[in-house]
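S.K.: only the shape, not the letters, is given here:
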């Protein structure tokens with residue numbers, strides 16, 4: 001009963017480059033600040049966390065729909081909470097083993113058992129929660145162009161480092177980070193993907209498959 005409608009935000013919901021803080025009279029505040037509402041449905045609401053909220057335990061989240069407020073739900077925000085796109089269903093989850101979404105320049109997906117990546121392939125991997133970029137791009141704002149992560153990200157295939165040619169927000173989108181990485185010269189097989197942003201390591205257990 002979060003709302004009677006189901007939809008994502010549309011271009012008409014934006015004010016210039018600024019994302020909406022309300023869809024069909026559904027709003028969310030975090031730490032008293034308006035979050036950016038991306039998707040609403042009777043059972044799920046997706047929002048982007050706003051800038052300037054307190055860091056640490058006890059930060060309230062309140063959803064309001066049609067003028068009726070929920071009870072506060074307490075969060076524990078962190079300065080960095082990095083995570084990579086890795087849907088928990090086929091073809092990215094095979095027998096309980098979770099593979100990261102990795103995309104080639106032709107928009108096909110690789111790095112999974114059925115489509116191994118190859119050394120020297122340049123892959124695009126997406127994520128959230130990687131923190132500030134330069135030039136500064138506030139939360140709820142469409143990324144206007146090329147940006148660079150303040151907290152540099154490092155990628156490893158097992159114990160082998162991968163070169164990262166781009167790490168920043170995805171131009172034209174809101175809050176989505178993009179990483180262009182080159183598959184290192186490693187032997188064929190499944191590799192655990194370790195990603196660190198600044199001093200924080202991505203907590204997901206993710207794999208990527210490399211072929212010949």
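M.R.: Structure's in. What do you need? What you see is a predicted model, and the numbers here were worked out from it, not measured in a lab.

S.K.: C-alpha from now on. contacts and neighbour counts both.
M.R.: Will do.

S.K.: the residue most central in space within the chain pairs with what?
M.R.: By C-alpha atoms, centre = their mean, the chain has its centre lying nearest to residue 128, at 2.4 Å. Note on residue 128: beta-bridge partners by DSSP bridges are residue 83.

S.K.: other residues contacting the helix-or-strand element of the chain with minimal mean pLDDT?
M.R.: Least confident helix or strand of the chain, by mean pLDDT, DSSP states H and E, is strand 109-110 with a mean of 94. Outside strand 109-110, the residues that touch it by C-alpha atoms under 8 Å, 6 or more residues apart in numbering are 101, 102, 103, 104, 115, 116, 117.

S.K.: look up how far residue 167 lies from the closest residue in space to the fifth one that isn't next to it in sequence.
M.R.: Same thing as residue 115. Using C-alpha to C-alpha, 6 or more residues apart in numbering and skipping residues adjacent in sequence, the residue nearest residue 115 is residue 109, 7.3 Å away. For residue 109, the distance to residue 167 (C-alpha to C-alpha, to the nearest Å) stands at 19 Å.

S.K.: what's the burial count for the spatially closest residue to residue 53 that is not a sequence neighbour?
M.R.: Closest residue to residue 53 apart from its sequence neighbours, by C-alpha to C-alpha, 6+ apart: residue 31 at 5.6 Å. By the criterion of other C-alpha atoms under 10 Å, residue 31 has 21 neighbours.

S.K.: contact partners for residue 31?
M.R.: 53, 54, 59, 60, 61.

S.K.: ChimeraX command for the buried members of the residues you listed?
M.R.: Entered in ChimeraX, the line below selects the buried ones among the contacts of residue 31, by 16 or more other C-alpha atoms under 10 Å:
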select :53,54,59,60,61
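
S.K.: now flag whichever of the contacts of residue 31 is closest to residue 9.
M.R.: Distance to residue 9, by C-alpha to C-alpha, is smallest for residue 61 among the contacts of residue 31, at 20.3 Å.

S.K.: which residues outside the helix or strand where that closest one lies are in contact with it?
M.R.: Secondary structure assigned from DSSP states H and E places residue 61 in strand 59-65. With contacts defined as C-alpha under 8 Å, 6+ apart, strand 59-65 is touched by 2-3, 25-32, 69-77.

S.K.: so which of the residues you listed are in strands?
M.R.: The strands, defined by DSSP state E, take in 26, 27, 28, 29, 30, 69, 73, 74, 75 from the contacts of strand 59-65.
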